[in-house]
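**Student:** Structure for this input, please:
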Amino acid sequence: MLDRLKSAFDTQELRVRLFFTLGMLLVFRLGVHIPVPGVNPDVVAELIKTGALFGFFDVISGGAFKNFSVFAMSITPYINSSIIMQLLTVVVPHLEKLSKEGEEGRKKIIQYTRYGTVILAFLQAVGMAMFLRRALLHPGFFSYLVVAISLTAGTVFLMWLGEQITEKGIGNGISLLIFAGIVSRIPAGGSRVLEYLQAGTINILSIIVLVVIAVAVIAGIVAVNEGQRRIPVQYTKRVVGRKVYGGQSTHLPLRVNMAGVIPVIFASSLLIFPEQVAGWLTGNVVADWYLRIFHWGSPLHTLIYAFLIIGFTYFYTAVIMNPVDVADNIKKYGGFIPGIRPGRPTAEYINKVISRITLAGAIFLALIAILPNFVLLATRIPNIYFGGTALLIVVGVALETMKQLEAHLLMRSYQGFIK
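**Tutor:** Predicted coordinates:
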């Protein structure tokens, strides 16, 4: 492993890309400590102790929410904008046409995604400023505006930072920013667990159970992320001019978890919105009832959360994977699935296979997302926010980054990380 890592650093282009990525992540970590003017971070820190929702925000933002820095919203508005844009691409003819126009169309869609990020970031920033009005040193219209503009500017800067990493570094920049934020909270979480152990709040058995659960979850995430259903495809021989094409056997790889972590993020964003609105209306009978029954971590909230993740997994998989298009492409190049007629029967067969494997992936995602509730029951360790969703993001990003680095190494005739 170390020899291969040395091979990556020995290549000038890869070395520049790696150092550029590390440099941009360092800028991100420095920005976490730049506070939003006019806000008392101690009040925000107290709010984080009141519920898992704020703790989850703090983990995703890498501690920026606790400090209430300019990066407090992290890159979440950009992710939501990207998801919305992907969904609109299916239903809006203009966007669907752009998606099929190659590089120029892709650039246009990215530009629309940026505009959507600014709008969503500003709306979320205004909501956050109003929700955290107790933390404002001088509550008022001007204070709300300063907080909203500062948070929006921080999110837009992170969006630019992520795009620079994607273009000039290694890996997906947006994913790496989330990855860095989550990983940066591990030392603080470890020290908190040790404090609980020294204070006698927990025992060594609780820590052992936590480690065993973490290892099992990581192994499960790797297995599901890498799991595939390979459908055999046979191509007939075709003569084009003086060349013969086809006549070979291959397979169509269908991943168990095609949607990745997007359904979890989308479901959590959907459930967070009404909770934020109810928080603004504290004192109202309906708002207080909602917060009491549907608060983050309650049985009913957890059940709805799991069903939303399963539903969004199916929905997003249908958006990114069209069995009819796949079947048409196979037929176009003279291919067929053994035992299945080309055309519509092939599309129906692929759709049936996708539905079955997506069910397994969706249930797995739902279990991972609600894992923190069970970890708390099994270990009795309070305030543990580094749960299944965080592990899902960390492991997924690490695997994807390794594959990209592997591709760069293979292009230069080096032996990569993955054998």
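**Student:** alpha carbons only for contacts and neighbour counts from here, please
**Tutor:** Fine.
**Student:** Which helix or which strand is home to Y349?
**Tutor:** Assigned by DSSP states H and E, Y349 belongs to helix 344-369.
**Student:** which helices and strands sit right next to that helix?
**Tutor:** Here helix 344-369 is seen to pack against helix 262-280, helix 299-320, helix 323-332, helix 388-411 when contacts are counted using 3 or more Cα pairs under 8 Å, 6 or more residues apart in numbering; DSSP states H and E.
**Student:** Determine how far it lies from the middle of the whole chain.
**Tutor:** 20 Å (Cα atoms, centre = their mean, to the nearest Å).
**Student:** Next, the angle from that helix to helix 299-320.
**Tutor:** Interaxial angle, helix 344-369 versus helix 299-320 (axes from the mean of the first three to the mean of the last three Cα atoms, to 10 degrees): 150 degrees.
**Student:** Toward the C-terminus, what is the element adjacent to helix 344-369?
**Tutor:** Following helix 344-369 in sequence order, the next helix or strand is helix 371-379 (DSSP H and E).
**Student:** What angle do helix 299-320 and that following helix make with each other?
**Tutor:** 140 degrees.
**Student:** angle of helix 371-379 against helix 388-411?
**Tutor:** Angle, helix 371-379 to helix 388-411, by the same axes, to 10 degrees: 110 degrees.
**Student:** Neighbours of P253, how many?
**Tutor:** When counting by other Cα atoms under 10 Å, one arrives at 12 neighbours for P253.
**Student:** A strand includes it, no?
**Tutor:** Yes: judged by DSSP: H, G, I helix; E, B strand; the rest coil, P253 forms part of a strand.
**Student:** need the contact list for it.
**Tutor:** Q228, R229, R230, I231 (Cα atoms under 8 Å, 6 or more residues apart in numbering).
**Student:** Now tabulate the residues you listed in a markdown table and tack on neighbour count, pLDDT and secondary structure.
**Tutor:** Formatted as a markdown table, the contacts of P253 follow (neighbours: other Cα atoms under 10 Å; pLDDT from 0 to 100; DSSP: H, G, I helix; E, B strand; the rest coil):
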| residue | neighbour count | pLDDT | secondary structure |
| --- | --- | --- | --- |
| Q228 | 16 | 86 | strand |
| R229 | 14 | 88 | strand |
| R230 | 12 | 88 | strand |
| I231 | 14 | 88 | strand |
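**Student:** before we move on, the earlier item: any idea of the mean pLDDT for the helix holding Y349?
**Tutor:** For helix 344-369, the mean per-residue pLDDT is 89.
**Student:** okay, the angle between that helix and helix 262-280?
**Tutor:** Taking the same axes, to 10 degrees, one finds that helix 344-369 is oriented at 50 degrees with respect to helix 262-280.
**Student:** which parts of helix 344-369 are buried?
**Tutor:** Neighbour-count burial for helix 344-369 flags 346-347, 349-351, 354-355, 357-359, 361-369 (criterion: 16 or more other Cα atoms under 10 Å).
**Student:** Pull out the buried residues from stretch 187-194.
**Tutor:** Neighbour counts over stretch 187-194 (16+ other Cα under 10 Å) mark G189, R192, V193, L194 as buried.
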